[in-house]
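A.B. asks: Build me a model:
(one chain, ligands or ions: 2)
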Amino acid sequence: MKKVLTIAGSDSCGGAGIQADIKTMDALGVYGMSVICAVTAQNTMGVEDVQDMTPDIVRAQIDAIFTDIEVDAVKIGMVSSPEIIRVIKERLIFYKAKKIVVDPVMVSKSGYHLLKKKAIDELKGLISIADIVTPNIPEAEVLTGLNIITEEDMKNAAKNIIKMGVKSVLIKGGHRCNDATDILLYKENFLVIPGKKIDTENTHGTGCTLSSSIASQLAKGFSIKESVILSKKYITKAIENSFALGKGVGPVGHLIDLYKRGGTDYGEN
Ligand SMILES: Nc1ncnc2c1ncn2[C@@H]1O[C@H](COP(=O)(O)OP(=O)(O)O)[C@@H](O)[C@H]1O
Ligand SMILES: Cc1ncc(COP(=O)(O)OP(=O)(O)O)c(N)n1
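C.D. replies: Ligands and ions are numbered 1, 2, ... in the order given. Coordinates of the predicted model:
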């Protein structure tokens, strides 16, 4: 079985962060492992509080895994502080980590800043060692300083981000009003991945799910392009199967949840 590591934050309500990553990995048939960078007190209405881990315990978790287990792919999500990001980059280079996916998590849908503003430059350094980075539109705007409205703007932002040294860039379109088309810049070519906006309030954890799916597919040996296409199918099905939970924004439904609730159509994964 392929082994995938998520380096991210914990979401107490289970819709995003480490919990979404492990659920996705489980549903896609890879073995999920975690390095926790921060613990959030979070529910469907928003993030109440955050406790960052120390850089030392982040380093110790990474060392514990890489000195024992062969890691086939790494997904990086909420990384909080410049100090934690520096440790992650140094250790991943030291262990020659393969197939690195960076989801540059900055602000939760509820508006909480999950990345300290002073950490943006370090985050760009981490992006430089990745195989793929997956910003949503607001994150791509912060990384590039551009205003992104149209598909052409998304392409320009991708061209700008690829100059940071990353091999490929996926700009996610979920924050646009009428469309959920994503744009992949890969080996100097653009791939437009069309998506219709699904009418649901329950989209907690969409970005985490997509990036951990990409890491899982890369671990299985699919190319970047194939992994992104398969993952777009996975997240679309997961949003179609999202459900109400608590009083706010509910989570996406992982295909394993669908199976357990009696469904039989897992899609192509
Ligand atoms: N309502 C929606 N309908 C269909 N696809 C969506 C919807 N919202 C987000 N997506 C898709 O989910 C993935 C994650 O995108 P996005 O929600 O923008 O990321 P993030 O969670 O990082 O803000 C993308 O493939 C995006 O196109
Ligand atoms: C612990 C933690 N990590 C990441 C996020 C952001 O999740 P994402 O899938 O990008 O989007 P929202 O769930 O915020 O809509 C988070 N909330 N918590």
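A.B. asks: All the strands of the chain, residue numbers only.
C.D. replies: Secondary structure of the chain (DSSP state E): strands located at 3-11, 31-43, 46-52, 73-76, 100-102, 132-133, 168-171, 182-186, 189-193.
A.B. asks: how long is stretch 125-140 end to end?
C.D. replies: For stretch 125-140, the first and last residues are 15 Å from each other (CA to CA, to the nearest Å).
A.B. asks: how about it, does it get close to ligand 2?
C.D. replies: No. Using CB under 6 Å from any ligand atom, stretch 125-140 stays clear of ligand 2, with a minimum separation of 6.9 Å. To be clear about C-beta, it is placed using only N, CA and C from the backbone, and glycine gets the same treatment.
A.B. asks: Use 20 as the first number for this chain going forward.
C.D. replies: Happy to do that; since the first residue is 20 now, the last one works out to stretch 144-159.
A.B. asks: What residues sit buried inside that stretch?
C.D. replies: Buried positions in stretch 144-159, judged by neighbour count with 16 or more other CB atoms under 10 Å: 145-146, 148-156, 158-159.
A.B. asks: returning to that earlier point: how about the strands of the chain, which one is nearest ligand 1?
C.D. replies: Ligand 1 lies closest, by CB to the nearest ligand atom, to one member of the strands of the chain: strand 201-205, at 4.8 Å.
A.B. asks: What is the neighbour count of the spatially closest residue to residue 118 that is not a sequence neighbour?
C.D. replies: Among residues not flanking residue 118 along the chain, residue 92 sits closest, at 3.8 Å (CB to CB, 6 or more residues apart in numbering). Residues lying near residue 92 (other CB atoms under 10 Å) number 26.
A.B. asks: model confidence over stretch 206-221, on average?
C.D. replies: Averaging pLDDT along stretch 206-221 yields 96.
A.B. asks: buried residues in that stretch?
C.D. replies: Applying 16+ other CB under 10 Å to stretch 206-221 flags 210, 212, 214, 221 as buried.
A.B. asks: so how far is residue 213 from the spatially closest residue to the second one that is not a sequence neighbour?
C.D. replies: In other words, residue 212. Closest residue to residue 212 apart from its sequence neighbours, by CB to CB, 6+ apart: residue 201 at 4.6 Å. As judged by CB to CB, to the nearest Å, residue 201 and residue 213 stand 9 Å apart.
A.B. asks: same deal with residue 27?
C.D. replies: Distance from residue 27 to residue 213, by CB to CB: 28 Å.
A.B. asks: Equivalent analysis for residue 268, please.
C.D. replies: Computed as CB to CB, the residue 268 to residue 213 distance reads 24 Å.
A.B. asks: sorry, back to before: looking at the buried residues of stretch 144-159, which two lie furthest apart in space?
C.D. replies: 148 and 156 (23.6 Å; CB to CB).
A.B. asks: Might one say that residue 221 is in contact with residue 268?
C.D. replies: Yes. Judged on CB atoms under 8 Å, residue 221 makes contact with residue 268 at a distance of 6.1 Å.
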